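> Sharing a sequence plus its predicted fold:
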There are 2 protein chains.
Amino acid sequence: MIQTPYLLFLGDAPDGLAAKVAQGIKDWRPENCVGQFRMEGCKADLGLTDMTLAEAKAAGAKTLVVGVANRGGVISQSWKKVLVEALEEGFDLASGLHNLLRDEEDLAAVARATGRSLHDVRIPSVKYPIANGEKRTGKRLLAVGTDCSVGKMYTALAMDACMREKGMKSSFRATGQTGILITGDGVPLDAVVADFMAGSIEYLTPDNDADHWDIIEGQGSLFHVSYSGVTLALIHGGQPDALVICHEPSRAHMRGLPGYKLPSIEAVRDMALELARVANPACTVIGVSINTQHMSEEDSRAYCAEVEARVGLPCVDPYRHGADRLVEALAAV
Amino acid sequence: MIQTPYLLFLGDAPDGLAAKVAQGIKDWRPENCVGQFRMEGCKADLGLTDMTLAEAKAAGAKTLVVGVANRGGVISQSWKKVLVEALEEGFDLASGLHNLLRDEEDLAAVARATGRSLHDVRIPSVKYPIANGEKRTGKRLLAVGTDCSVGKMYTALAMDACMREKGMKSSFRATGQTGILITGDGVPLDAVVADFMAGSIEYLTPDNDADHWDIIEGQGSLFHVSYSGVTLALIHGGQPDALVICHEPSRAHMRGLPGYKLPSIEAVRDMALELARVANPACTVIGVSINTQHMSEEDSRAYCAEVEARVGLPCVDPYRHGADRLVEALAAV
């Protein structure tokens, strides 16, 4: 577990997109964010209070979270200076960067000397079991996508937020780096060794109250040949009671695979459901979530209505129009 | 690549089953086996010539292969003595044990001093790419199973042997520890990190002659919740032109999962084919391979005939009755 609240480090981000991890944390867990730390030349701005390390410390921040992508895979000397100071001031550090904090000798040395923790959420910190397939108490929803990066994490977060608002028992379960930084916990599934993938998801979503829902972040797609195995491990390790199908309508081809067309929403629904029923025969598909960020308001509503009529399931953009209808469908399961 | 030929180390195996890795090597690559090395009290016997290290060296053996399971996960001092001597006499060592040769300090030190290699095939030695899904030249068959350990490796090895006999171009492609020791090369898929699973299979089965077949060893099952993700990575990374369905009829439930019944051969055929066609729309199922080891000769023939009539595909036990009919079906693809 990463200690909250956070000070979000935006470094020298050249634009807002470079700080999208920080943006995600601020969007979904504003209560975890004490402020932002920006260096000279930073072009990103989350609208949080700019703070020095000392100010953030005084305001109660426990962890400095690297919420910005680094250029060329290098943690620069100008970043290092801040990260070292943060350790010295008593912050833990957390990062989802590919190059690990712990592999930076200077950071590792200062962390040892100060007794602070370096959280590299890119890689697992737990020895996961092999999945045993045993039925667990409580309920689980899994977001499955027609493709990678279609909005599965945002769908899960939006549903989780809506459920809490309604007083339902819900936990967002992160399976990727950004999700882990948002919640402070989770499984970095793409970095788990093959044999333990499904077991890591069983570990992530243990027995719970009968009326509690784990809202599990999806990864990849059954139809994305690079990552489909990861998706199936989620389906079988998660043993979901409910699936929500996620889609982004503007793609010309599968992400990173120019030769591969996107499957239809119906094809994903049918394939995911049949596979999910191996682990949980009672599984159902409760709705469709569309990422309409590239559409006008009018087009987005028309598109969702068209899909809803065609597929016969509630269809919304939960980020744009709210997750209520998806949550109502879930509550009926 | 592990250097051949081998001297097979049977250690102090308490019975033949403990030496099943060595048995597999001897069954499928007898030309790679110079002889066997047995210690005091060994109860296994492959029928190969018993040799000292010096005799095997003189006969041309390059690698001592640990072909026996160790008790309690410990490499005993009595084994160590032989393994150290083997390094000193100029042998490389190869092992599929869970505890790695390289983690034994004495072995690692002697290997460094003598310049010999320690091959731990349990874990990857290659940094695999992420799968790109691009169409490769040459053809590929993948063995898919109703369950784990139903005979996928033996089916693939039997088909490969039969194809070579007929003068067809074929390569058995190992994806598990025993297969890797048999052929000297392959991908230990269950130990590959999730993101790179499908890419490791693309790496294993690269472009080849148009009339060459990679015969890919399967792993797990789409219907085995612990390992299904590994199976799907094989299907999408292998982009097979042909599938052979493997089944063992005596199972009361899925291996290691008392609550899970086996799927029908037809369910596996349909699910595997639909998923395989994502990567290769031309994929077909060419036949069914039954592991009849627990049946009488009469029952085995009756069972295969029944399945063949029901499923409408050639159905044989290739280990018992030959792989000819499966290979003929493959040649017709």
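Done, it's in. None of these values were measured; they are calculated from a predicted model. Numbering: from 1, shown residues only, chains lettered A, B, ... in the order given.

> Just the pLDDT at residue A:131, thanks.
Note for residue A:131: predicted pLDDT of 97.

> Which helix or strand contains it?
Following DSSP states H and E, there is no helix or strand that holds residue A:131.

> That one - how many residues pack around it?
28 (other C-beta atoms under 10 Å in any protein chain shown). In this view, the C-beta of every residue, glycine as well, is placed from N, C-alpha and C.

> gap between the residue nearest to it when sequence neighbours are not counted and residue A:147?
Nearest residue to residue A:131, sequence neighbours excluded (C-beta to C-beta, 6 or more residues apart in numbering or on different chains): residue A:198, at 3.6 Å. Distance of residue A:198 to residue A:147, computed by C-beta to C-beta, to the nearest Å: 22 Å.

> Then residue A:193?
Applying C-beta to C-beta to residue A:193 and residue A:147 gives a distance of 25 Å.

> higher neighbour count, those two?
The residue with more neighbours, out of residue A:193 and residue A:147, is residue A:147; 25 against 18, by other C-beta under 10 Å.

> For that one, which residues are in contact?
A:221, A:223, A:224, A:247, A:248, A:251, A:254, A:255, A:262 (C-beta atoms under 8 Å, 6 or more residues apart in numbering or on different chains).

> For it, give me phi and psi.
Here is the backbone geometry of residue A:147 (degrees, to the nearest 10): phi -150, psi 180.

> so does stretch A:268-285 get close to chain B?
Yes. Part of stretch A:268-285 sits near chain B under the criterion C-beta under 8 Å from any C-beta of the partner chain, namely A:271, A:274, A:275, A:278, A:279.

> OK, contacts around the fourth one?
The reference is to residue A:278. Contacts for residue A:278 (C-beta under 8 Å, 6+ apart) come out as A:236, B:222, B:223, B:225, B:228, B:260, B:263.

> if I look at the nearest residue to residue A:251 once chain neighbours are set aside, how far off is chain B?
Distance criterion C-beta to C-beta, 6+ apart; nearest residue to residue A:251, sequence neighbours excluded, is residue A:262 at 5.5 Å. To chain B, residue A:262 is 11 Å away according to C-beta to the nearest C-beta, to the nearest Å.

> contacting residues around residue A:262?
So residue A:262 contacts A:146, A:147, A:223, A:247, A:251, A:253, A:254 (C-beta under 8 Å, 6+ apart).

> Buried subset of these, written for PyMOL?
With 16 or more other C-beta atoms under 10 Å in any protein chain shown as the criterion, this PyMOL line picks the buried residues out of the contacts of residue A:262:
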select buried, chain A and resi 146+147+223+247+251+254
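
> Take the contacts of residue A:262 and keep only those in strands.
Residues of these located in strands (DSSP state E): residue A:247.

> Show me which of the contacts of residue A:262 is closest to chain B.
residue A:223 (5.4 Å; C-beta to the nearest C-beta).

> wait, what's in contact with the closest one?
A:146, A:147, A:254, A:260, A:262, A:263, A:267, A:268, A:271, B:278.

> how about a cut-off of 7 Å?
Contacts for residue A:223 (C-beta atoms under 7 Å, 6 or more residues apart in numbering or on different chains) come out as A:146, A:263, A:268, B:278.

> thinking the second one is in contact with residue A:146, fair?
So that's residue A:263. Yes. Here residue A:263 reaches residue A:146: they are 5.6 Å apart, a contact under C-beta atoms under 7 Å.

> Save the contacts of residue A:223 as TSV, and put in distance to residue A:284, pLDDT and secondary structure too.
Listed next are the contacts of residue A:223 as TSV, based on distance: C-beta to C-beta, whole Å; pLDDT from 0 to 100; DSSP: H, G, I helix; E, B strand; the rest coil:
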residue	distance to residue A:284	pLDDT	secondary structure
A:146	19	98	coil
A:263	20	98	coil
A:268	15	98	helix
B:278	24	98	helix
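
> Out of those, which is nearest to residue A:140?
Relative to residue A:140, the closest of the contacts of residue A:223 is residue A:268; by C-beta to C-beta it sits at 18.3 Å.

> Test my guess that that closest one contacts residue A:144.
Yes. At 6.4 Å, residue A:268 and residue A:144 qualify as touching, with contact defined as C-beta under 7 Å.

> In terms of packing, which of these two has more residues around it?
Ranked by neighbour count (other C-beta under 10 Å), residue A:268 and residue A:144 place residue A:144 first, with 29 against 24.

> Is the more buried one in a helix, a strand, or coil?
strand (DSSP: H, G, I helix; E, B strand; the rest coil).

> ok, for residue A:170, nearest residue in space, not its chain neighbours?
In space, residue A:170 is closest to residue A:163, 3.8 Å off (C-beta to C-beta, 6+ apart).

> and the one you found, what is it in contact with?
Residue A:163 sits next to A:170, A:213, A:327 when contact means C-beta under 7 Å, 6+ apart.

> quick one, what contacts the first one?
Okay, so that is residue A:170. Residues in contact with residue A:170 (C-beta under 7 Å, 6+ apart) are A:160, A:163, A:164, A:213, A:215.

> Return the member of those nearest to residue A:132.
Out of those, the member with the shortest distance to residue A:132 (by C-beta to C-beta) is residue A:213, at 21.8 Å.

> Would you mind naming the residues that bridge with that closest one?
Applying DSSP bridges to residue A:213 gives these bridge partners: residue A:139, residue A:170.

> doesn't residue A:156 make contact with it?
No. Here residue A:213 does not reach residue A:156: they are 10.6 Å apart, not a contact under C-beta under 7 Å.

> so residue A:15 sits in a helix?
No. Using three-state DSSP, the secondary structure at residue A:15 is coil, not a helix.

> per-residue pLDDT, it?
Predicted confidence (pLDDT) for residue A:15: 93.
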